Every structure is written in structure tokens, then in C-alpha cells.
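S.K.: Structure here, sequence nowhere to be found:
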């Protein structure tokens, strides 16, 4: 009888071993949702990461942070979220919303969204909001100050991001700084919109607009001329938060990749004009 139970125990151990090995050594897929402005740099960093981590398959989804936030909220498979603005990350982070509600209680407030593993969240990058022009700068736009006057006089067509896109939200702050009425400018046909920063960049590159407000890194990647950059007083700091999503099936691997982006990937990010925020 003892030999029988010993045999059963040995068989159980042999059955368990392959499962353990699969968990540790098997392929891991990480789905990364990242702001469109990171497409070139994060793709390169991903290729470098795969060379050293051949068991990790990275799947990227690049779009506006607002669109990505909505997709996560609606249940899309996602392990990592890197936003071009704090607003979109905050709206998915119950810890942030709960803290705000504690300071400003609202009996009618909806239950906060709880999609972010708050303990993994950190500020990864800083970017700059730039005024870029197409080749030849046909309207001779030289600065944000000049742009404001040209817009007031109806002499320029400006490409900007939609209001749910971080670069569009930074643009709205710039309009407020100069006392510009976006609704009136749009009604006058002086604005053209993009659903993410890449679309706005394309409008400028193709000469479909006289100038546009995008990120300095996108202007660099597209070979566009930047004639001015916004200071924090105009639109605040452009900070990209990053975090692991709560329903990630591989949270440890996701956190490891984020740390790699901030450390080994820093040179790639800084080569196009990002500032990597050190811990």
C-alpha cells in the first residue's frame, strides 16, 4: 500500500512539472496601449526588448489617449497603458478619483473606474507642445504670438487635435492663454482637426494646413520645422504617465517592460526629443 501511494505522489509531481515550466518559460504576450506620439520610438524599443526577451511577444496599439482610454474602459485586452496626458490615466485610476471625491464629496458621483494598478503607475516622459509648419512655411509663421494675431485676422489655417485628444486639450489651453475663441475660429473655417497627433502631423506635412500644433517629437520624426514651443504658462507640462492595467494576465512581465522602457529605452526616447523622467 505504501508503494502504491508513493507511486501516486510521483505521478502527481510529474504531471505538475510541465505546467510549472509553461508558466515560467512559455511565451508571454503583452498588449501595450500607447499614445500615438510614441509610435516610432516604442516600436524600436520593442524590437530591442524582443532581442533579449524572446519569450515575450509585444503587441502595440497606438492611438489618441482618449480613444485608448475608452477601449480599456470597454474591456479591451490590455496589459500596459501609456497616456500622453494625466487626464485619461486619472479617469481609469480609482485611487485618484477616490482621493478627489474625498476632498470634494459628491453624493451623485458615479462609482470611479478601476482599471489601473495604481501601485505600478509612474510619470515616464515629458514632451513639448510645438508650433510646426510645412516645407517653405508659406504663411511665414514665426511664433505662437504671431499665430494668435494671424488667427484673429483670419489669415491662417491651423491644424489641431480634437478636444478628446491630449494635444488638442493642450491647444485649448493655448487658445485660452491668448484669448482665442475656438468655436468662432472653427465656424470661420480657420481650423482643421485630427483624431490623434499623427493625423494633425499629416495635415502639416502634406500642406493641408498653414501650420499646426503638435508635439515636438512628432515634428522631429516627420522632419517638420518647429518655429516655437509652448512654455508651461501657456499649457502646463506635457507629462506621459504609464501603468499596468489591473486585468493584465502578466503583471510582472508588464512591469518589467515598463522599467526597460524607462531605463534601456531612454536613449531611443531622448533621441527624438522626449525627456525621460527618472525615479
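M.R.: That came through fine. Quick caveat: nothing in here was measured; it's all calculated off a predicted structure.

S.K.: any weak-confidence spans in the stretch 1-150 of the chain?
M.R.: 1-25, 97-110 (pLDDT under 70).

S.K.: Show me where it has its strands.
M.R.: 28-35, 56-63, 80-82, 122-127, 129-133 (DSSP state E, counting those that start in this stretch).

S.K.: Direction included, what does the shortest one pair up with?
M.R.: Think strand 80-82. strand 28-35 (parallel), strand 238-244 (antiparallel) (DSSP bridges).

S.K.: Just want the angle from the first one to strand 122-127.
M.R.: So that's strand 28-35. 50 degrees (axes from the mean of the first three to the mean of the last three CA atoms, to 10 degrees).

S.K.: can you check the last one too?
M.R.: Interaxial angle, strand 238-244 versus strand 122-127 (the same axes, to 10 degrees): 150 degrees.

S.K.: after strand 238-244, next one along is what?
M.R.: As assigned by DSSP states H and E, the chain's next helix or strand after strand 238-244 is helix 251-262.

S.K.: From the contact counts, what lies against that following helix?
M.R.: strand 28-35, helix 39-52, strand 56-63, strand 80-82, strand 122-127, strand 238-244 (3 or more CB pairs under 8 Å, 6 or more residues apart in numbering; DSSP states H and E). C-beta: built from backbone N, CA, C; applies to glycine.

S.K.: how about these in a markdown table, adding mean neighbour count?
M.R.: Formatted as a markdown table, those follow (neighbours: other CB atoms under 10 Å):
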| stretch | mean neighbour count |
| --- | --- |
| strand 28-35 | 22 |
| helix 39-52 | 16 |
| strand 56-63 | 17 |
| strand 80-82 | 26 |
| strand 122-127 | 20 |
| strand 238-244 | 23 |
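
S.K.: wait, which of those is closest to residue 226?
M.R.: strand 122-127 (12.3 Å; CB to CB).

S.K.: which strands and helices sit next to that closest one?
M.R.: Using 3+ CB pairs under 8 Å, 6+ apart: strand 122-127 touches strand 238-244, helix 251-262, strand 275-276.

S.K.: The helix or strand where residue 184 lies: which residues count as buried?
M.R.: Element membership for residue 184 (DSSP H and E) is helix 182-187. Applying a neighbour-count criterion of 16 or more other CB atoms under 10 Å, one finds 182, 185 buried in helix 182-187.

S.K.: which other residues reach that helix?
M.R.: With contact meaning CB atoms under 8 Å, 6 or more residues apart in numbering, helix 182-187 is reached by 151, 158, 172, 175, 191.

S.K.: can you name the two of those that are farthest apart?
M.R.: 151 and 172 (13.5 Å).

S.K.: Neighbour count: the two, which is higher?
M.R.: residue 151 (23 against 15; other CB atoms under 10 Å).

S.K.: Tell me which residues touch that one, please.
M.R.: Residue 151 neighbours (CB under 8 Å, 6+ apart): 158, 180, 185, 190.

S.K.: at 6 Å instead, please
M.R.: 180, 185 (CB atoms under 6 Å, 6 or more residues apart in numbering).

S.K.: quick one: it is in a helix?
M.R.: Yes: according to DSSP: H, G, I helix; E, B strand; the rest coil, residue 151 belongs to a helix.

S.K.: That concludes my questions; thank you for your assistance.
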